[in-house]
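S.K.: the following comprises the amino acid sequence and a computationally predicted model.
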Amino acid sequence: MRPALGLAAVVALCAAVAAGCGVGPGDDAGEVELSVTRDYGSEVLVDQRDSISESDTVLRLLDRNAEVETRYGGGFVQSIDGLSGEPTDGRASDWFFYVNGIESPVGGAERHVTLQDLIASGRLQAGSRLEADYRGQHHTAELLADGQIRLAGQTHRTLSSAGGAVKRAVHGPGIPKSVYSTDGWVFWRATDAKAGDTTTLRVIRQRVAGDDTA
């Protein structure tokens, strides 16, 4: 993780699978190296090796090796060993993290939350209606029990694929790859059965991650 303006950094190196930090349900996936540094690596705060399983997230790994305080329902890191991601001397800072040298676009507790996890949490149900607005058009899809998405009679394995299909329907088959590429977790909205509001799937994913770490 690194802050917005150089306060501290955490680097999590996944030895097995970068995106999921694991290879099989509950199985040992080998060892990873966890480094927490300050000022973009100039001062090492934590340097540990640890074993991981498929169910681990970066936040769980971090929590096993340091004193961690979180915010936003437990999905994001507030401080590590007392070093807080707060404004200091007028400089804004925050915690981010890298996996295999690549900065992650999601929180440390979110990385392994799937659509099936959202169903299991009770925040969504099989058959939940997904909605998206794109270029002035309203689109709906259905969340299936296995975590796939049914859109216009076609089944998609991921939210991003379903979002890309919406864009292709609007732009036509010649759609540029840069336009087709879609973050489905942000593109699609659904009603959170526990919170009672309609919001993006990413927000619901953050809530599920917070439920799991509370």
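M.R.: Looks like it arrived, so ask away. Residues are numbered from 1 along each chain as shown.
S.K.: ok, which stretches of this protein are strands?
M.R.: Counting by DSSP state E, one finds strands in the chain at the ranges 8-13, 28-38, 43-53, 68-71, 76-80, 83-84, 97-99, 102-103, 129-134, 137-143, 149-151, 154-156, 189-191, 198-200.
S.K.: residues of the second one that come out buried?
M.R.: If you call a residue buried by 16 or more other CB atoms under 10 Å, then strand 28-38 has these buried ones: 29, 32, 34-38. No exception for glycine: its C-beta is placed from N, CA and C like everyone else's.
S.K.: of all those residues, which comes closest to Ala126?
M.R.: Ala29 (28.8 Å; CB to CB).
S.K.: can you check the pLDDT for the closest one?
M.R.: You'll see Ala29 listed with a pLDDT of 55.
S.K.: report the beta-bridge partners for Val77.
M.R.: Note on Val77: beta-bridge partners Thr70, judged by DSSP bridges.
S.K.: look up how far Arg60 lies from it.
M.R.: As judged by CB to CB, to the nearest Å, Val77 and Arg60 stand 12 Å apart.
S.K.: and the two? Which one has more around it.
M.R.: Legend: neighbour count by other CB atoms under 10 Å for Val77 and Arg60, higher for Val77 (29 against 19).
S.K.: I'd like the buried residues of strand 28-38 as a markdown table, with distance to Asp56 appended.
M.R.: As requested, the buried residues of strand 28-38 are exported to a markdown table (distance: CB to CB, whole Å):
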| residue | distance to Asp56 |
| --- | --- |
| Ala29 | 8 |
| Val32 | 9 |
| Leu34 | 11 |
| Ser35 | 17 |
| Val36 | 17 |
| Thr37 | 21 |
| Arg38 | 24 |
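S.K.: since that was my last question, I'll sign off now.
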